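> no letters, just coordinates:
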């Protein structure tokens, strides 16, 4: 059997049997503490860095964002003004794919330069992740990735933007597996992340990829243990209170990635 029989197929060609063979267990509405770990999640009131960013990010009301053609100029000095404008476009368009993509990438880009970190993490806007695994070359499509500048070809997290409401779990799983495959051999357990943007709604998914699970796939077999996917709740970025909680989740994720 060819190594990675599922990984080397385009996600659009996956069937329910493919997903079943991976023994997925999905945990919806997982807390961000479960996804990144409580030590990395900002707490209210005791972190100046987070509170300062949260105050700016939560400023516009939902009405102002949705009707921002007249209201958003009030926030032109806000560091998230570009994000707000793209969210407004996404909220007011049935075909807001490009606006959603620019919004989520710009949001993470601004946070990565405003959160104190040891490593130089940044956003890559590339549309494909090239790889060479088990003697096979290929590329997996994406909407951007988070990388460490010293290791530009290794995705720490992948971005997936839903187009026309077609949310395909196979896309998320393929990125989870690719991250695990690229890390295989260097980690006993690798934590993989996918950030999904659907319109103005953001979700973070995490999976712990154990060495024996990935080793089974590397040798062209299907695993005999489950792969647990932990999905956060969906954060509606048009709503001020949900924006703050999304920011808390993103800052927690950035801090975790800074340690990997």
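Cool, the structure landed. Bear in mind that the values here come from a model prediction, so they are computed numbers and not experimental data. Numbers count the residues shown, from 1 in each chain.
> could you list the low-pLDDT ranges of this protein?
Applying pLDDT under 70 to the chain picks out residues 1-8, 46, 68-72, 95, 134, 185-187.
> which residues in it form helices?
When assigned using DSSP state H, the helices of the chain occupy the ranges 16-21, 32-36, 48-57, 62-66, 68-71, 81-91, 97-114, 169-183, 211-218, 240-257.
> would you tell me which of the ones you listed gets closest to residue 125?
Proximity to residue 125, assessed across the helices of the chain by CB to CB, is greatest for helix 97-114 (6.6 Å). Just so you know, the C-beta spots here come from the backbone N, C-alpha and C atoms, and that holds for glycine as well.
> what is the closest one packed up against?
When contacts are defined as 3 or more CB pairs under 8 Å, 6 or more residues apart in numbering; DSSP states H and E, helix 97-114 sits against helix 48-57, helix 81-91, strand 121-124, strand 157-161, strand 189-198, helix 240-257.
> can you tell me, leaving aside adjacent residues, what's nearest to the most centrally placed residue in the chain?
The structure's the chain has its C-alpha centroid closest to residue 195; by CA atoms, centre = their mean the separation is 1.6 Å. If the residues on either side of it in the chain are set aside, residue 195 comes closest to residue 159, at 5.1 Å by CB to CB, 6 or more residues apart in numbering.
> residues contacting the one you found?
101, 104-105, 108, 142-146, 194-197 (CB atoms under 8 Å, 6 or more residues apart in numbering).
> how does it look with 7 Å?
By CB atoms under 7 Å, 6 or more residues apart in numbering, the contact list for residue 159 reads 104-105, 142-145, 195.
> with residue 15 instead?
If you count contacts by CB under 7 Å, 6+ apart, then residue 15 has nothing around it.
> for residue 199, same thing?
Contacts of residue 199 by CB under 7 Å, 6+ apart are 90, 96, 100.
> surely the first one meets residue 96?
Yes: with contact defined as CB atoms under 7 Å, residue 90 and residue 96 form a contacting pair (3.7 Å).
> now the terminal residues of stretch 12-29, how far apart.
25 Å (CA to CA, to the nearest Å).
> what of stretch 195-213?
22 Å.
> how about it: buried residues?
195-207, 209-211, 213 (16 or more other CB atoms under 10 Å).
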